[in-house]
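In: With the sequence up front, the predicted model follows.
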Amino acid sequence: MKKILIMIIAGLFLLPGYSQISRKAVVYLKSGAVIKGKLLINDDQRVKINSSGNEWVFKASEVDSVKANPKSTREREQTQDYFFDTSFGVLLGNSGNNQSAPFSFTSSMNYQILDRLYVGAGLGAEFFDESYMPVFGQVHYKFRDTKFTPFFNLQAGYELALEDGNRQHYVNYSSSSSYIYYPQTNEKLNAEGGFLINPSVGFERFTSDNFGWFFSFGYRHHQLNYSGEKGYKLETNFSRLSLKIGFIFN
């Protein structure tokens, strides 16, 4: 039930993306002016269009015609200074966990600070021996302003434990040792989470000016910390290959 609730909450991040989809158009005014952009409203009362971040509203009587904007199959007109993404994937390459390929789901909101450079923040759900919520900041750089472009992404943050630890620690030690405490084999450790870092590279493909998809692969390093009675601490480190596919909205 808890895992289902996590996915429902994280899935709500998809809603802003769908609400932003609009079509490209060219508005021809009776004054002779021509405006290209995203058509927001076109009815018998008014015409509203977003051009380069500015919204223009005209009375229907001022408009001569509205036509679809023919676009290049390669170039993409970037008018939004933000994008939302959501991704699904697996984390491969470490056998120190009961899950050989843990599932990972993340969503983030990103804002442009320089040409093709974005910063953002996000969260998600990941399932190792326990369920965790990664909370992270990220830097995203696109190499070209085209519909198909490679990119570099860097995430850094913290894994928040969402449930009690399932790990038990078994250690062979001399019964004569009375100075070091180890948890009993029937004692579960408490999951405390740990930091994460994930550089990756990939490519993205926009099928319209508002929607695209991407694939990425990278290196994921993260800690999962545990604690037991009498101050016992266990720190585990994982290095994995991250493989993800996702969707972009703006």
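Out: Perfect, thanks for sending it. A quick note: this is a predicted structure, and the numbers were derived from the prediction, not measured.

In: which stretches of the chain aren't confidently modelled?
Out: For the chain, applying pLDDT under 70 flags the ranges 1-22, 69-79, 94-99, 165-187.

In: can you give me the strands for it?
Out: 23-29, 34-42, 46-51, 54-59, 63-68, 82-92, 103-114, 117-127, 131-142, 148-161, 190-206, 211-227, 233-249 (DSSP state E).

In: buried stuff in the second one?
Out: Of the residues in strand 34-42, those buried under the neighbour-count criterion (16 or more other CB atoms under 10 Å) are 35, 37-39, 42. For the C-beta atoms, the positions are set from N, CA and C on the backbone; glycine is no exception.

In: Next: stretch 138-148.
Out: 138-140, 142, 147.

In: Out of the residues you listed, flag the one nearest to Arg240.
Out: Gln138 (17.5 Å; CB to CB).

In: who's in contact with the closest one?
Out: Residues near Gln138 by CB atoms under 8 Å, 6 or more residues apart in numbering: 108, 110, 119-122, 153-156.

In: Look up how far Val201 lies from the residue positioned nearest the centre of the chain.
Out: Centroid-nearest residue in the chain, with CA atoms, centre = their mean: Ser107, separated by 3.3 Å. Ser107 sits at a distance of 20 Å from Val201 (criterion: CB to CB, to the nearest Å).

In: Show me the chain divided up by domain.
Out: 23-68, 79-249 (automatic domain parsing).

In: Would you mind finding the most buried of those domains?
Out: domain 79-249 (a mean of 16; mean count of other CB atoms under 10 Å).

In: can you give me the offset of that one from its chain's centre?
Out: Computed by CA atoms, centre = their mean, to the nearest Å, the chain-centroid distance of domain 79-249 equals 11 Å.

In: Make 453 the first number, not 1, from now on.
Out: Yes, from this point I'll number from 453; that puts the last item at domain 531-701.

In: Hmm, Ile501 and Val515 touching each other?
Out: No. Taking contacts as CB atoms under 8 Å, Val515 lies outside contact range of Ile501: 9.9 Å.

In: any shared contact partners between those two?
Out: Common contacts of Val515 and Ile501 (CB under 8 Å, 6+ apart): Val479.

In: hang on, the earlier thing: Tyr678: which of the buried residues of stretch 590-600 is nearest?
Out: Distances from Tyr678 to these, taken by CB to CB, are shortest for Gln590, at 26.9 Å.

In: Return the set of residues that bridge with that closest one.
Out: Gly572, Gln607 (DSSP bridges).

In: likewise Tyr563?
Out: Following DSSP bridges, Tyr563 is listed with bridge partners Tyr534, Val571.

In: and what of Phe663?
Out: The partner residues for Phe663, given DSSP bridges, come to Phe701.

In: ok, so what distance separates it from Leu693?
Out: For Phe663, the distance to Leu693 - CB to CB - is 28 Å.

In: Also Trp665?
Out: 20 Å.

In: ditto for Phe540
Out: From Phe540 to Leu693 the distance is 15 Å (CB to CB).

In: Repeat that for Asn662.
Out: Asn662 is 31 Å from Leu693, by CB to CB.

In: Having no further points to raise, I will conclude here.
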